[in-house]
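In: Provide a 3D model corresponding to the input given below.
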Amino acid sequence: MNNKNQFKVRYFYLALAIGMLGASVQSCSVFRKKKVQAKTATTAATPKPKADSLKNVIKPYGEVITPKAVSQKGLFTVHKLNDRYFFEIPNQLLNKEILSVNRLSKSTPGAGNYGGEQVSARIVYWELGPNNKLFLKVSATVSIADSTDMISKAVASSNLNPIMAAFPIKAKGKDSSSVVIDVTDFLISETPLLSFDAENKKAYGLGMQMADRSYIESVKSFPINTEVKSIRTYTATGRLPAASEAGAVTLGMNTSFVMLPENRMRKRMYDARVGFFASANIRYKDDQQKVEQEAFIHRWRLEPKEEDIEKFKRGELVEPKKQIVYYIDPATPKKWRPFLIAGVNDWQKAFEQAGFKNAIVGKEWPEADTTMSLDDARFSVIRYFASPQQNAYGPNIADPRTGEILESHIGWYHNVMNLVHRWYMIQAGAIDPKARKNKFDDELMGQLIRFVSSHEIGHTLGLRHNMGASSTVPVEKLRDKKWVEAHGHTPSIMDYARFNYVAQPEDHVSEAGIFPRINDYDKWAIQWGYKPIFGTASAEADKKILNKMTIDSLAANKRLWFGGEGKDYDPRSQAEDLGDDAIKASEYGIKNLKRIVPQLINWTREDGEDYTDLKEMYKEAVGQLSRYSYHVIKNLGGVMTTERTYDQPGAVYQPISLAKQKEAVKFINDQIFTTPKWLLNEQILNKIDPKYGFGEVEVMQQGIIASVTSQSRLYRLMINQRDYGKGAYSPQQWLNDLKNGIFSEIKTGKPIDSYRRSLQKMYVGSIITMYNKRFALQGSLDNILAGVTPTEILLYSNVKPLALAHLKDLRKDIGAAIARTADNDSKIHLAYLKQMLDKILTESPIPGLNY
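Out: Model prediction:
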């Protein structure tokens, strides 16, 4: 599923972690010049204020918190008196670190964000100030040092934390054990702690907060957290529908203040070879010669009970001191609850590999227990939202100092069932008869829910997506019934490997070989992240043990490879793909699509209903073909990236072979640029509007040709040719292979259909764009401002002659083809292209020192 909040989920995540510890503080001061009038004998002297009047006057507790106040005890005791909110802060909480997490609680249509997604997080603390004030300060420092090192004094003196807000103390509690402050205005103010920072406001197209349309919705307090919900309305002129209709956008915000543990959990240091979310600090040491970044993973505190430690060391499974518990939102339809719970409990097997039994469990929310609240940070909950959003997400709130996960509220949107229904019908309809219904049986839908639940729970345990996991499986094994049912079609539930679209009907593969499951990589990652290490003095010592474990494990079992999140140029790491060969897997997938598309009318049939569902499923089929194509395209200019340490053999970076890249271009020419007429099913299109179907296919083709001929791909091909020489796919070969496929009709004289004519025009336009690429040889400031590096300038200096030669070849080939083309539409089209090329190639050269 989409997991945007986490992992608005970034490839290395350390920048996000550092950002979580930072603060955006806005301040404003206004200096007004006043006219000064000379004093005369008759001018009365202005009396000086008494020193006491400059100080805030503290009133008796009973005058501030009257019997009419409604009070809640918790992290902060919250008092509501009429329309005012007061926090009572115990002295023992002063200078104690608190994690403040800001989330959207309610979004607006078209925002691209969902209620529950994290906006920001900061560490804050209360500190007494002068003149009877209480300061709320932000722990903005990310630099740390051991107190035993002398450099710790320099670190302390170099990091002064900013004051986010100052509050006059209104009263003190009994025996002066607490202070009372009025937080009403602060809670609805436009501060980054409780609202959007400048970057997020820009992303939403938001202006100023409108005070008359913003208000505090509720404030609730619990033993370790206080929750503030607010409704905020902003002026807006951006892309959101509400902005165009009302000139304003209203959003719900939820700010959680969560007490951080005083007894800090030992960190487990981050390793790029294992996919965990991470936080980071900058660590200073007396004996270091450079500043070091200390990164550590997010994980729950899972420890054996004291009386079970020896058993644990002997390899016996033991129960942890504190079990990880996920409750199911009581708003969840009852028939789906067992499947959500099963998705949680499926992780028990993974934790057994880490030495724990019953480490994690899913439970029904005890609705009869009025002492429990869904907002209480002591409880992790799978929240169920009645929303048209087709998504689910799994965040975790972690202590930025240690990585300890404190709680999680998974977001589950009701309409995610529509998403998995589409996926399963289009990806598995050829091999599973149960997928051939417009409404799945409850058991099948339940199992789909279970798989999504397991995936999202994995995120809340600290695991990132592993898009490379499925690439460790040979494609032909996906058709081997015995093998794939035993081992699964991907080693990780954290992969976006959805369902086994490679298996063919004659393979008779059951659901065990179609569905993803918690598998080898997931169990190993949990072992790596959660198994306690005894007998060491520090996290750094643990790191050495874990490094050896990682090297040995990866050498013994390639299925344990973490392939990242598909954000690099490695074709092994992609969302929605399967197997170790994207070309072969996609060919099998297309065979199944050709079986599925003609059946969509029957599979979506509902008497009395229109063809809306047919249209949706047809669009999904086109999208699936597009996915297969992009899986293949990533081989072009691709570079395999395998994270290694000095004590591991092998290269980190390796280019994709010339043969594989040429094979990828052939696949695109054969399967996509050659019009896929099997997809233009007349029986379907005459029910959903032929223009819609033709448009979907054309948009897909044009998107793919734009990707294949993109400037960034050309750049990577040139880099590979520079670095790897003859073994690389040269830009000349690449362009010629594309041209021979896209313009195959000019050799045969066959008619050029409308799809091909559009492709050919777009291809010529792409090459003309390459030809017109300009970089100034002089004026380096212009290049810097444009984000152009010297390396790019040197590489692109070869683009113009390359494009010029190719355009000349095209003009020659097209000119020769016009005479032998009998089809009138094709002849007109070719004549147009030649005229366009004549104009481009006869223009005056660019004057001056430009490429």
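In: CA atoms for contacts and neighbours, from now on please.
Out: OK.
In: buried residues, stretch 133-140. List them.
Out: 133, 134, 135, 136, 137, 138, 139, 140 (16 or more other Cα atoms under 10 Å).
In: name the nearest residue to the first one, ignoring sequence neighbours.
Out: Take residue 133 and drop its neighbours on the chain: the residue closest to it by Cα to Cα, 6 or more residues apart in numbering is residue 168, 4.5 Å away.
In: so the one you found, which state does it fall into?
Out: Recorded secondary structure, residue 168: strand (DSSP: H, G, I helix; E, B strand; the rest coil).
In: just residue 662 next, same as before
Out: At residue 662 the chain is in helix, as set by three-state DSSP.
In: wait, is residue 640 part of a helix?
Out: No: secondary structure of residue 640 (three-state DSSP): strand, not part of a helix.
In: so what's it up against?
Out: 569, 570, 571, 572, 652, 653, 654, 655, 656 (Cα atoms under 8 Å, 6 or more residues apart in numbering).
In: what about 7 Å?
Out: 570, 653, 654, 655, 656 (Cα atoms under 7 Å, 6 or more residues apart in numbering).
In: can I get the buried part of those residues as one PyMOL selection?
Out: In PyMOL, this line selects whichever of those come out buried by 16+ other Cα under 10 Å:
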select buried, resi 570+655+656
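In: would you list the contacts of residue 640 in CSV and tack on distance to residue 766 and pLDDT?
Out: Below are the contacts of residue 640 laid out as CSV (distance: Cα to Cα, whole Å; pLDDT from 0 to 100):
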residue, distance to residue 766, pLDDT
570, 24, 96
653, 29, 92
654, 28, 92
655, 25, 92
656, 24, 94
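In: looking at the contacts of residue 640, which is nearest residue 834?
Out: Using Cα to Cα, residue 656 comes nearest to residue 834 of those, at 35.3 Å.
In: hang on, isn't the closest one packed against residue 634?
Out: No: judged on Cα atoms under 7 Å, residue 656 makes no contact with residue 634 at a distance of 9.8 Å.
In: and residue 280, what's its pLDDT?
Out: pLDDT, residue 280: 87.
In: hey, what's it bridged with?
Out: Taking DSSP bridges as the rule, residue 280 bridges to residue 295.
In: export the contacts of residue 640 as a markdown table, with columns for distance to residue 710 and secondary structure.
Out: Listed next are the contacts of residue 640 as a markdown table, based on distance: Cα to Cα, whole Å; DSSP: H, G, I helix; E, B strand; the rest coil:
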| residue | distance to residue 710 | secondary structure |
| --- | --- | --- |
| 570 | 17 | coil |
| 653 | 22 | strand |
| 654 | 22 | strand |
| 655 | 19 | strand |
| 656 | 18 | coil |
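In: dump the contacts of residue 640 to a markdown table, plus distance to residue 384.
Out: Output for these, formatted as a markdown table (distance: Cα to Cα, whole Å):
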| residue | distance to residue 384 |
| --- | --- |
| 570 | 36 |
| 653 | 43 |
| 654 | 45 |
| 655 | 45 |
| 656 | 44 |
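In: which stretches of the stretch 251-400 of the chain form strands?
Out: Per DSSP state E, counting those that start in this stretch, the stretch 251-400 of the chain carries strands over the ranges 278-284, 292-297, 324-328, 360-364, 380-385, 392-393, 397-398.
In: deepest of the ones you listed, which one?
Out: Per residue and on average, the most neighbours among these fall to strand 392-393, with a mean of 26 (mean count of other Cα atoms under 10 Å).
In: for that one, what is the distance to the chain centroid?
Out: On the basis of Cα atoms, centre = their mean, to the nearest Å, strand 392-393 sits 11 Å off its chain's mean C-alpha point.
In: quick one: list the elements packing against it.
Out: Secondary-structure packing of strand 392-393 (3 or more Cα pairs under 7 Å, 6 or more residues apart in numbering; DSSP states H and E): strand 409-413.
In: at 8 Å what do you get?
Out: Counting by 3 or more Cα pairs under 8 Å, 6 or more residues apart in numbering; DSSP states H and E, the packing neighbours recorded for strand 392-393 are strand 409-413, helix 442-460.
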